[in-house]
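1. structure for this input, please:
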Amino acid sequence: ADYTPRRILLHVPDAPTTTLIMAGSLPPTRYGGEFEDILLAIALGGGDSSVLFEAVRTRLRASYGFSAAISAFSREERYLRLSGEVETARLAEAETVIRSAYAAFMAEPAMGDLEARKAPLFGSIGVVADDPVQLSSSALMAILDGQEPTIVLNVADLLVQVDQRSIEARATMTFPPAGILTVIAVSPDAAALPGACVINSPARARNCP
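-> You can find the predicted model right below:
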């Protein structure tokens with residue numbers, strides 16, 4: 001995948017709303033740190049008390065929210081995705097606000113009660129441990145990551161080891177810096193994102209500098 005920082009606006013004249021997406025590369029899961037990634041993504045944009053949601057509501061005084069998630073094209077190509085619908089006339093301002101909030105959080109990831117954030121993950125681990133189908137699927141994923149399949153029996157121990165220090169290290173050393181996030185907007189207004197490469201079909205993104 002090519003994560004060269006770009007700002008692209010896909011002009012769709014009949015789009016009912018404007019959507020803003022910001023993305024950057026993350027390393028494969030085989031290198032570890034997956035629980036830190038999940039917890040950071042939840043704190044960043046996992047609900048109405050998340051960093052990005054609060055930034056949009058307070059700094060833009062908007063009624064919409066903004067989310068963060070980790071996705072993948074393949075086992076080798078994972079990426080962080082920040083996305084949400086924004087007011088067309090404030091698209092450029094929303095980009096600035098989101099980028100700024102992301103940068104501030106990654107510099108100092110305030111997780112609050114970390115043990116409370118980890119609790120739902122422990123619950124999910126327990127469900128998988130009691131389900132032979134999910135357990136065998138997780139073992140297969142471990143094999144594909146070059147790990148011993150028995151690691152799935154000790155996943156809870158990996159989560160126990162997650163602390164504020166490992167969270168901070170992951171945020172500063174692994175997550176993409178705010179300045180190199182790729183920006184993709186879909187909007188009915190071709191001029192909504194000044195300086196962006198404006199295209200009228202996804203394939204044309206290949207020609208954007």
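2. shouldn't residue 186 be within a strand?
-> Yes. Judged by DSSP: H, G, I helix; E, B strand; the rest coil, residue 186 forms part of a strand.
3. ok, now which ones touch it?
-> Residue 186 makes contacts with 9-10, 12, 15, 18-19, as judged by C-beta atoms under 8 Å, 6 or more residues apart in numbering. Just so you know, the C-beta spots here come from the backbone N, C-alpha and C atoms, and that holds for glycine as well.
4. swap in 7 Å and give it another go.
-> Contact partners of residue 186, counting by C-beta atoms under 7 Å, 6 or more residues apart in numbering, are 10, 12, 15, 18-19.
5. kindly write the ChimeraX command that selects the buried subset of the residues you listed.
-> To isolate the buried members of these in ChimeraX, using 16 or more other C-beta atoms under 10 Å:
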select :10,12,18,19
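6. ok, the contacts of residue 186 vs residue 143, which is closest?
-> Checking the contacts of residue 186 against residue 143 with C-beta to C-beta, the nearest one is residue 19 at 37.1 Å.
7. just checking, the closest one touches residue 85?
-> Yes. If you go by C-beta atoms under 7 Å, residue 19 and residue 85 touch, sitting 5.5 Å apart.
8. now do residue 170 against residue 69, distance only.
-> 16 Å (C-beta to C-beta, to the nearest Å).
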